[in-house]
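# my questions concern the predicted model and sequence given below.
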Amino acid sequence: VVLEGFELRVLHLPLVAPFTTSFGTETVREVIVVRALTADGEGWGEVVTQASPLYSSEYTQGAWDVATRFLAPALLERRTVAPDEIRSILEPFVGHRMAKAGLELAVLDAALRAAGRPLGEYLGAVRDRVPSGVSVGIQRDPDSLVETIRGYLDEGYVRIKIKIRPGRDVADTAAVRDAFGAIPLQVDANSAYTLADVDTLAELDRFDLLLIEQPLQEDDIVDHATLARRLSTPVCLDESIVSLKAATDALALGAASVVNIKAGRVGGYLEAVRIHDLCRDAGIPVWCGGMLETGIGRAANAALAALPGFTLPGDVSASSRFYHRDIVTEPAVLEDGHVRVPTGPGLGVEIDPVALDDFTVDRVVVRA
Ligand code: OSB
Ligand code: MG
């Protein structure tokens, strides 16, 4: 496409309920929405950073700064850009993968809309809907966790993931198993443990979990491999898998027997597909993670999760799991425990301009 500019906005979307993980509680989703302005029309992307660098080193103001001062100008300087060239154009800038991913998605959407091609087809989707799991934050106590999960199961979610942290792990998991029996269940520690906690983590083995997600720190690839040998629960990596190279190394070391793929964390949907391909060739199941996406990223995640190697249900839930009101006109809904893969050109969803404006707290246009 011929790039003319990028519009970036910071949005504040109120959450339907506070979302608590081992690293903190959110009540408002702060997110950056990107609009690529091209000679053939516009395209939309989303930078999935959060307000503070707690899940990863990236955060809203950092992403805003690097995107407006370095990344967008580098793309605009090229003027004519194909989606699969973006990675190499932005490669000189170290890190900042979520910011890169948001720009890439906006250009990709613009290119696909102009060509009349759906994102799912472009990425290699083989399904028209994807099974929907839900990520459940840490609640006040195990009883309220059980009641919260009962609501999601009644809605039809096919897999439950609970957040854990030291002191809120074994008893919470036991309460969920006691209440609901053999439902598909997994836990996510968001890096809250160290190898010194191996005995506690091994207690989780008796719950027959699908997996334990990211028990140790982002850099702890070797420690994850050590831990994996001590647990019967499969170890899944999230934070650690920041690129195809990181995934290659993690698999070589035996640090992960399952991989969570998030396009934002790895620098974009094209890198996400490469990690999918690697894992598929290695016989490692993958699933699509989430970052409380708006309707933009949620549509793209549904398309990604429809690739053949995504054999476990992802955190691709209905928009209503997080939001009363979305910024797209047809937010993702749960139908028989599944979310539909959009079939229209590009993302296959349309932006609701009024909602977009209502949630916007900052806006800038970077021009060629
Ligand atoms: O670790 O998967 C995670 C949300 C924000 C940051 C990290 C994570 C999450 C979730 C929510 O678990 C996933 C979702 O969008 O449903
Ligand atoms: Mg996670």
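Ah, there it is. Ligands and ions are numbered 1, 2, ... in the order given.

# what residue in this structure comes nearest to ligand 2?
Of all residues in the chain, D238 sits closest to ligand 2, at 3.6 Å by CB to the ion. Using the backbone N, CA and C atoms, a C-beta is placed for each residue, glycine as well.

# so what's I138 closest to, chain neighbours aside?
T20 (4.3 Å; CB to CB, 6 or more residues apart in numbering).

# so what's the residue count around the one you found?
T20 has 18 neighbours, counted by other CB atoms under 10 Å.

# and the host helix or strand of it, what does it pack onto?
T20 is part of strand 3-21, with elements assigned from DSSP states H and E. Helices and strands touching strand 3-21, by 3 or more CB pairs under 8 Å, 6 or more residues apart in numbering; DSSP states H and E, are strand 24-38, helix 60-66, helix 72-78, helix 97-115, helix 353-359, strand 360-367.

# quick one: which of these is nearest L278?
The closest of the helices and strands packed on strand 3-21 to L278 is helix 97-115. By CB to CB, the value is 16.8 Å.

# so how far is the closest one off the chain centroid?
In terms of CA atoms, centre = their mean, to the nearest Å, the centre of helix 97-115 is set 16 Å apart from its chain centre.

# what strand or helix carries the closest residue to ligand 1 within the stretch 1-150 of the chain?
At 3.5 Å from ligand 1, S135 is the closest residue in the stretch 1-150 of the chain, using CB to the nearest ligand atom. Element membership of S135, judged by DSSP H and E, is strand 133-136.

# pull the CA atoms of that strand into CSV?
Output of strand 133-136 as CSV, limited to C-alpha atoms (Å, rounded to 0.1, in the frame of the first residue of the first chain):
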residue,chain,number,x,y,z
GLY,A,133,-11.9,-20.1,26.6
VAL,A,134,-12.0,-17.5,29.3
SER,A,135,-9.3,-16.1,31.5
VAL,A,136,-10.6,-15.6,35.1
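
# can you list the buried residues in that strand?
For strand 133-136, the neighbour count (16 or more other CB atoms under 10 Å) marks 133-136 as buried.

# quick one on the thing from earlier: check the gap between the residue of the chain closest to ligand 2 and ligand 1 for me.
Note on D238: its distance to ligand 1, by CB to the nearest ligand atom, to the nearest Å, is 5 Å.

# right, and that residue touches R265 too?
Yes: counting by CB atoms under 8 Å, D238 touches R265, with 7.5 Å between them.

# what touches both of those two?
G289 (CB atoms under 8 Å, 6 or more residues apart in numbering).

# and V187, what's its pLDDT?
pLDDT recorded at V187 is 98.

# do R129 as well
Listed pLDDT for R129 reads 98.

# that one contacts V341, doesn't it?
Yes: the criterion here is CB under 8 Å, and R129 meets it with V341 at 6.1 Å.

# which of those two has more neighbours?
Of the pair R129 and V341, V341 is the one with more neighbours under other CB under 10 Å, namely 26 against 15.

# helices of this protein, start to end?
60-66, 72-78, 86-90, 97-115, 119-123, 142-155, 170-180, 198-203, 221-230, 244-253, 263-266, 269-282, 295-305, 353-359 (DSSP state H).

# I'd like to know how far H224 sits from S257.
For H224, the distance to S257 equals 10 Å [CB to CB, to the nearest Å].

# enumerate every residue touching V48.
So V48 contacts 31, 98, 101-102, 262, 264-265, 291-293, 297 (CB under 8 Å, 6+ apart).

# same question, V28
12-15.

# skipping adjacent residues, who's closest to the residue of the stretch 201-350 of the chain found nearest ligand 1 in space?
In the stretch 201-350 of the chain, the residue that lies nearest ligand 1 is G290 (2.4 Å; CB to the nearest ligand atom). Closest residue to G290 apart from its sequence neighbours, by CB to CB, 6+ apart: D315 at 3.6 Å.

# the one you found and S135 touch, don't they?
Yes: assessed by CB under 8 Å, D315 is found in contact with S135 at 4.8 Å.
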